[in-house]
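Trainee: need a 3D model of the following:
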Amino acid sequence: MRAATSGGDTSPPEALAPLLKRCGLGDEYAFADLYDQVSPRIFGLVKRIIRDPAQSEEVTQEAFLEIWRQAARFDLARGSALAWMMTIAHRRAVDRVRSVEATSTRDVEYGHRHQAVEYDSTSEVVQSRMDAQRVRKAMGSLTDTQRQAIELAYFRGCTHTEVATMLGVPLGTAKSRVRDGLIRLRDTIGGER
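Mentor: Residues are numbered from 1 along each chain as shown. Now for the predicted structure:
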């Protein structure tokens, strides 16, 4: 941001309107003069709203860019040139504050939504042990042939063909023992819950 040549306004506020009109016609020298005269006030206003010097400089530049682009729309009948420029700067500063707040809020909400939920693993261990006790108790309700078939198929990970071979029974019989054992387990465990 180019520093002003003096500590403040060098001409009365009514002298700004003709400069602004010339800016509307594309006069870069008029814009440079206008900038020199009002930049300390514009920057001061923006800094009071935003508080961060670096962002205040950025927003001040954005405000002056908008002033340059919109200068042809300035209407002296609706207010002074300084008030018109200060309104643009104020609006830009407020927009920046809202944008920063919205981003911050969005980040916080995202963090809350995606935060790992803490839980007590002790309850999982207890539940697992209780389930294991139910299964052991239910296994006691099976016939010896059903229990052997279930142990081979589910605790040792054998296929039905391997179960049939190990038990010395036909494949269909091994499948029936496993199925019947699972049905009895389901009925026994289901009744305990």
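Trainee: packing partners for the longest helix anywhere in the chain?
Mentor: Using DSSP state H to define each element, the chain has its longest helix at helix 81-113. If you count contacts as 3 or more Cβ pairs under 8 Å, 6 or more residues apart in numbering; DSSP states H and E, helix 81-113 packs onto helix 16-24, helix 28-50, helix 53-70. Heads up, the C-betas are built off the backbone N, CA and C, glycines and all.
Trainee: what's the domain layout of the chain?
Mentor: Annotated domains of the chain cover 13-113, 121-192 [automatic domain parsing].
Trainee: got JSON lines for those domains, with mean neighbour count and mean pLDDT too?
Mentor: Shown next, in JSON lines, are the domains of the chain (neighbours: other Cβ atoms under 10 Å; pLDDT from 0 to 100):
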{"stretch": "domain 13-113", "mean neighbour count": "16", "mean pLDDT": "91"}
{"stretch": "domain 121-192", "mean neighbour count": "14", "mean pLDDT": "84"}
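Trainee: quick one: end-to-end distance for stretch 111-130.
Mentor: One end of stretch 111-130 sits 36 Å from the other (Cα to Cα, to the nearest Å).
Trainee: switch to numbering from 53
Mentor: Got it, first residue is 53 now, which makes that one stretch 163-182.
Trainee: what helix or strand is residue 240 on?
Mentor: helix 223-244 (DSSP states H and E).
Trainee: any idea how far residue 179 is from residue 185?
Mentor: 11 Å (Cβ to Cβ, to the nearest Å).
Trainee: for residue 156, same thing?
Mentor: Residue 156 sits 40 Å away from residue 179, taking Cβ to Cβ as the criterion.
Trainee: what's the answer for residue 71, then?
Mentor: Residue 71 is 78 Å from residue 179, by Cβ to Cβ.
Trainee: ok, now residue 239?
Mentor: 21 Å.
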